[in-house]
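Student: Just the structure for this:
(one chain, ligands or ions: 1)
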Amino acid sequence: MGIARSAYDATWGRLFASMYDRALAGSEDAGMRDRRRDLVAAASGRTIELGAGTGLNFEHYPGAVEELLLTEPFPPMANRLRERTGGAATVIEAPAESLPIPDASADTVVATLVLCTVDDLPATLAEVARVLKPGGRLLFAEHVRSDDPSLARWQDRLERPWKFVAHGCRCNRDTLAAIEASPLEIEAVERGRIPKAAAIVEPLVVGSAVRPL
Ligand SMILES: C[S@@+](CC[C@H](N)C(=O)[O-])C[C@H]1O[C@@H](n2cnc3c(N)ncnc32)[C@H](O)[C@@H]1O
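Tutor: Residues are numbered from 1 along each chain as shown. Next comes the predicted model:
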């Protein structure tokens with residue numbers, strides 16, 4: 001890791017982690033919490049969440065989840081995750097591009113507001129396909145590049161400053177196209193919006209993709 005990156009993580013990154021829940025509270029109260037609950041209701045068996053952040057999905061996991069592994073590479077976020085889960089889930093400090101998890105061992109992978117931030121999205125999706133059992137599912141809720149060319153242009157213009165402010169988030173990423181191009185097959189997808197979010201991170205896709213049998 002470069003010096004500039006570690007200085008950024010130690011200052012703004014730490015602050016970002018400490019402010020995260022408060023920054024999202026308006027959107028969560030206005031509908032994102034319900035989206036999370038509805039999405040993870042489909043999780044079952046051995047479930048792995050990517051970049052779980054402060055653990056905003058944790059309270060929603062259903063009883064059908066037999067084992068919950070929450071991955072998170074950024075230590076200040078991982079610490080919050082441990083506090084929130086109090087030992088009820090396993091926290092693994094690892095990036096989504098390189099999961100220390102055996103092949104074909106997971107029934108469900110969950111990704112919410114994280115595929116915008118991973119450094120290498122194709123590598124992450126290949127890793128999701130690797131760890132899922134055949135027939136296993138990726139459940140996703142991700143903000144994406146807009147279909148509206150005018151808003152997409154603003155997402156392109158503001159990509160760099162937003163990435164700095166939002167700790168690595170790319171507001172213009174076409175995550176749905178990347179899932180379509182991955183080894184996973186999209187089963188269901190719904191377009192929506194993140195309520196009370198900045199316009200450049202409002203367009204949302206929610207759905208599931210399966211590792212083919
Ligand atoms: C916007 S937050 C989303 C947190 C959480 N998933 C949620 O729904 O609230 C993005 C998260 O991705 C994590 N992250 C950054 N790079 C990552 C990577 N390469 N692999 C996995 N997670 C990563 C960040 O540390 C942060 O916790």
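Student: can I have stretch 20-28 written out in CSV, keeping just the CAs?
Tutor: Presented in CSV, the C-alpha positions along stretch 20-28 are these (Å, rounded to 0.1, in the frame of the first residue of the first chain):
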residue,chain,number,x,y,z
TYR,A,20,-21.1,5.8,7.9
ASP,A,21,-24.3,4.8,9.8
ARG,A,22,-25.2,8.5,10.4
ALA,A,23,-24.6,9.4,6.8
LEU,A,24,-26.9,6.6,5.6
ALA,A,25,-29.6,7.0,8.2
GLY,A,26,-31.9,9.1,6.1
SER,A,27,-31.8,6.6,3.2
GLU,A,28,-32.2,3.7,5.5
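Student: what comes into contact with that stretch?
Tutor: The contact list for stretch 20-28 (CB atoms under 8 Å, 6 or more residues apart in numbering) reads M32, G53, T54, L56, M77, R80, I194, P195, K196, A197. For every residue, glycine as well, the C-beta is placed using N, CA and C.
Student: what does the protein put close to the ligand?
Tutor: Taking CB under 6 Å from any ligand atom as the measure of proximity, the chain contacts the ligand at 50-53, 56, 72-74, 77, 95-97, 112-114, 117-119, 168-169.
Student: switch to 8 Å and redo it
Tutor: Counting by CB under 8 Å from any ligand atom, the chain comes close to the ligand at 17, 20, 24, 36, 49-57, 71-74, 77, 94-97, 111-114, 116-120, 124, 141, 166-169.
Student: Sheet-wise, list the partners of the longest strand seen in the chain with their directions.
Tutor: For the chain, the longest strand by residue count, based on DSSP state E, is strand 132-143. If you go by DSSP bridges, strand 132-143 pairs up with strand 106-112 (parallel), strand 203-210 (antiparallel).
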